[in-house]
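Student: no sequence on this one, just coordinates:
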C-alpha cells in the first residue's frame, strides 16, 4: 500500500467520530484514517485485541462488485486463488497478479455471493487499478463496479468479539472465512468472519449512510467488555506478529506470490489466471528470494528497507519490521536471497542505522494465531 | 504541558538547570508525537557530548527519533531505569522519564536555549 495517491484526501463515513475521540490520523492509500487514539496508544490497543476486543475503522479498504452471468467464473479466470474452493456465503484470500510478470498487483478478499455475484475487498491504494484491470477484461454481461466510498468496514477483533456482536443480535457462529447478512439499527450489513489480527474476529461491511449508527452501537455494546477503538498502528503490529503480508511492503508488483510465500493463495491446478505462466515457471525453477521471519536477539527494532547481512554479504532487505508488543522483541519480515541457504534458527545481521544487530531466522507466525 | 521553569530546544528536548549539572529529557510534545516508546539508547556515563550532536535514540512502535545534546559537556548520569521501563517517558516526560544528566562545559550555555514561551510558540505554530 502506498501513501502517494494523487487527488484529494478521502475520509471514512465515521470520520467525525474519530475526530471527537481525538484520534491521531495518518494517510493510508489516499485516505486519512485513525492511527491511534488518546487513552489507548498502539500497545494498549494491540493488547485489547489480543486479550479482549477492539474495533478498527478500515473503511479505506476497497470495495468492488462483479455481477452478471458467469461473474464468479470470470473472476476465477483472472485472480490467482481457486474461487471454486469456496461456495456461496464464503470468502477467500486471493491475489491479482500481473499477467506478464506474476508480480502482485494487489491482495484481495473475495466474497462469493453467487455464481453471478462476487464482492471484492482490495487495498485502498490499489482498488482503482484492480477495477480497471477486471473491467478491461470483463466479457459482455459482466459488470465491474468500484464501490469504494459506498461502504464503511469495521473490524471487530479479539476473544470477546463474538460476545459483543452477540449482544447486538448479530450472527457470530458462522465458520471462519464465511459471511452472513444481518440488520443492526435498521441498517442491513454483512458480517464476515475475517480479520487481519490473528484473533477471532469479524469484519462488518456497512452501507456508508448507516455507518455512524453501527459504529456507535458496536462501541456501546462493547463497553462492558472493555472495547477500545483501535487505530491502524495497532493493526500493523497485530498483523506483523502473524506474519501476514502487507501489500506495498511484503508483496508488490516486484514481489511474486512465490517469493512472498503466499503460494497457498494460488490455484496452481487452474487452467487459467493472470500470471500463471511466469509463476509456474518461477515455482519450478525455485524463487531467487523468499519472505522469511526475523526475530531480534537483543534490543533492536528492524524497520522496512534495512539491509540484512550474512557476514559481509548483503542477502536481502527488511520489508516489514516493528516491535512486537506481545513478545516484547523486534520482529520483521524480510526478503532474503535463496542462495544464502539460510535455515530457520540461523542468525543474520541487520544494519540498523550503521550498527549491526543480530536477528534469528524464524518461521512466522511470531505469535500463535487464534482466528478460529 | 510545557513547564515554565525549563529550557527547551527546537528538537523537542527539555533542560532543567540546577546546581551545576543539568538534567535532559524529551518534551510532552515529542513523546506524544512518537507514541508508545519501547526502546531507548543513551550515551555512556563520562561521554563527551557537543551541542547539536546526536547522542542517542528514542524508539516507539512506529518510528525512531534521534536525541541531540542540548548543550556541550560531559554525561555524568543516565536514567538506566528506562532500559526496562521505556514507557516511563510517555507517562512522565518531565519527571521520572528524564534521559541524562550533563555537566556543562559552559554553564552560561543554558541561557542560549529556548524559553518555555519560545518553545510554546514553536509547537503551536
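Tutor: Done, it's in. All figures in this text were calculated on a predicted structure; none of them were measured in a lab. Residues are numbered from 1 along each chain as shown, chains lettered A, B, ... in the order given.

Student: Next, work out how far apart the residue most central in space within chain B and chain A are.
Tutor: Against the mean C-alpha coordinate of chain B, by CA atoms, centre = their mean, the closest residue is residue B:25 at 2.4 Å. When distance is defined by CB to the nearest CB, to the nearest Å, residue B:25 is 19 Å away from chain A. Bear in mind the C-beta positions are built from the backbone N, C-alpha and C, glycine included.

Student: Assign that residue to helix, strand or coil.
Tutor: Three-state call for residue B:25 (DSSP: H, G, I helix; E, B strand; the rest coil): strand.

Student: which residue sits closest to it, ignoring its sequence neighbours?
Tutor: Setting aside the residues directly before and after it, residue B:25 is nearest to residue B:98 in space (CB to CB, 6 or more residues apart in numbering or on different chains), at 4.4 Å.

Student: Now do the same contact list for the one you found.
Tutor: B:16, B:23, B:24, B:25, B:79 (CB atoms under 8 Å, 6 or more residues apart in numbering or on different chains).

Student: ok, the first one - how many residues close by?
Tutor: Here the count is done by other CB atoms under 10 Å in any protein chain shown, and residue B:16 has 17 residues near it.

Student: Next, the contact list for it, please.
Tutor: B:5, B:6, B:7, B:22, B:23, B:24, B:98.

Student: Check it and give its pLDDT.
Tutor: Reading off the confidence values, residue B:16 has pLDDT 96.

Student: returning to what we had before: what about the contacts of residue B:16, which one has the most neighbours?
Tutor: Top of those by neighbour count (other CB under 10 Å): residue B:24, with 28 neighbours.

Student: Once you drop chain neighbours, what's closest to whichever residue of the stretch 251-372 of chain A sits closest to chain B?
Tutor: Nearest residue of the stretch 251-372 of chain A to chain B (CB to the nearest CB) works out as residue A:323 at 4.5 Å. Among residues not flanking residue A:323 along the chain, residue B:38 sits closest, at 4.5 Å (CB to CB, 6+ apart).

Student: my read: that neighbour touches residue B:63, true?
Tutor: No - at 10.9 Å, residue B:38 does not count as touching residue B:63 under the criterion of CB atoms under 8 Å.

Student: Which strands and helices lie in contact with the helix or strand where residue A:294 lies?
Tutor: Following DSSP states H and E, one finds residue A:294 within strand A:289-296. Here strand A:289-296 touches strand A:313-324, strand A:329-337, strand A:355-362, going by 3 or more CB pairs under 8 Å, 6 or more residues apart in numbering or on different chains; DSSP states H and E.

Student: ok now do residue A:69, which residues does it touch?
Tutor: A:116, A:141, A:142.

Student: and what of residue A:214?
Tutor: Applying CB under 8 Å, 6+ apart, the residues near residue A:214 are A:152, A:154, A:184, A:185, A:187, A:189, A:204, A:206.

Student: same thing with residue A:265?
Tutor: Contacts of residue A:265 by CB under 8 Å, 6+ apart are A:80, A:81, A:93, A:94, A:95, A:107, A:257.

Student: which one among the residues you listed gets closest to residue A:68?
Tutor: residue A:94 (19.1 Å; CB to CB).

Student: The closest one bridge partners, please.
Tutor: Taking DSSP bridges as the rule, residue A:94 bridges to residue A:108.

Student: other SSEs contacting the longest helix seen in chain B?
Tutor: When chain B is scanned for its longest helix (criterion: DSSP state H), the result is helix B:116-124. Contacts defined by 3+ CB pairs under 8 Å, 6+ apart place helix B:116-124 against strand B:7-8.

Student: Now residue 69. Its backbone dihedrals?
Tutor: You didn't pick a chain, so chain A it is. phi -60, psi 130 (degrees, to the nearest 10).

Student: for residue B:33, same thing?
Tutor: phi -70, psi -40.

Student: what sits against it?
Tutor: residue B:12.

Student: Need the pLDDT of it.
Tutor: With respect to pLDDT, residue B:33 has a value of 92.

Student: what does chain B put close to chain A?
Tutor: Residues of chain B found near chain A (CB under 8 Å from any CB of the partner chain) are B:35, B:36, B:38, B:39, B:57, B:59, B:60, B:61, B:62, B:64, B:87, B:90.

Student: Mind checking which of these are buried?
Tutor: B:35, B:36, B:38, B:39, B:57, B:59, B:60, B:61, B:62, B:87, B:90 (16 or more other CB atoms under 10 Å in any protein chain shown).

Student: quick one: which of these sit in strands?
Tutor: When those are checked against strands (DSSP state E), the matches are B:38, B:39, B:57, B:59, B:60.

Student: Between all of these, which two are separated the most?
Tutor: Going by CB to CB, the pair spanning these furthest: B:38 and B:57, at 11.4 Å.

Student: and residue A:235, which of the helices and strands packed on strand A:289-296 is closest to it?
Tutor: That would be strand A:313-324 among those, by CB to CB, at 11.3 Å.
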